[in-house]
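[1] here's my sequence, what's the structure:
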Amino acid sequence: AQLVESGGGLVQSGGSLRLSCTAPGFRYSGMGWSRQAPGKEREWVSCISPNHEYILYSDSVKGSATISRDNYKNMVDLQITNLLTEDTDVYLCVAGHPSCPLEAYEPKGWGQGTQVTVSS
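    Okay, here's the model as predicted:
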């Protein structure tokens, strides 16, 4: 099964983006988003468990990001508002253990990533 992201792009500071991930075959997996800019450590941005009982956000996006999933459509979305230049990154969709946080276990799948660039 493959994870395919979409929705990245160029946005001005203060703007919003909605990232989507198509994830067939991961209905019972925890799903989330990770980002890693060159020279920086990977950041686990958000996670949602299969039945929505666990939802986590990193401190850097808490309050500005909303993760959601539609198990019938096999999709996981991440809406980020009030984007800042430091949010510029490659965002990867990740599938893993049913419980959040995803980084606690070896991931089951990774997407190729979608570039988000926030201009000042």
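[2] restricting the selection to alpha carbons, write the longest strand seen in the chain to PDB.
    Longest strand in the chain by number of residues, with DSSP state E as the criterion: strand 89-96. Taking Å, rounded to 0.1, in the frame of the first residue of the first chain, the C-alpha atoms of strand 89-96 are listed here in PDB:
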ATOM      1  CA  ASP A  89       9.200  22.000   5.200                       C
ATOM      2  CA  VAL A  90       8.500  18.800   3.500                       C
ATOM      3  CA  TYR A  91       5.500  17.200   5.100                       C
ATOM      4  CA  LEU A  92       5.200  13.500   5.000                       C
ATOM      5  CA  CYS A  93       2.200  11.300   5.700                       C
ATOM      6  CA  VAL A  94       3.000   8.400   8.000                       C
ATOM      7  CA  ALA A  95       1.200   5.200   9.000                       C
ATOM      8  CA  GLY A  96       2.000   3.300  12.100                       C
END
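[3] quick one: mean pLDDT over the next helix or strand after that strand.
    Moving toward the C-terminus from strand 89-96, the next helix or strand (DSSP states H and E) is strand 109-110. The predicted model gives strand 109-110 an average pLDDT of 95.
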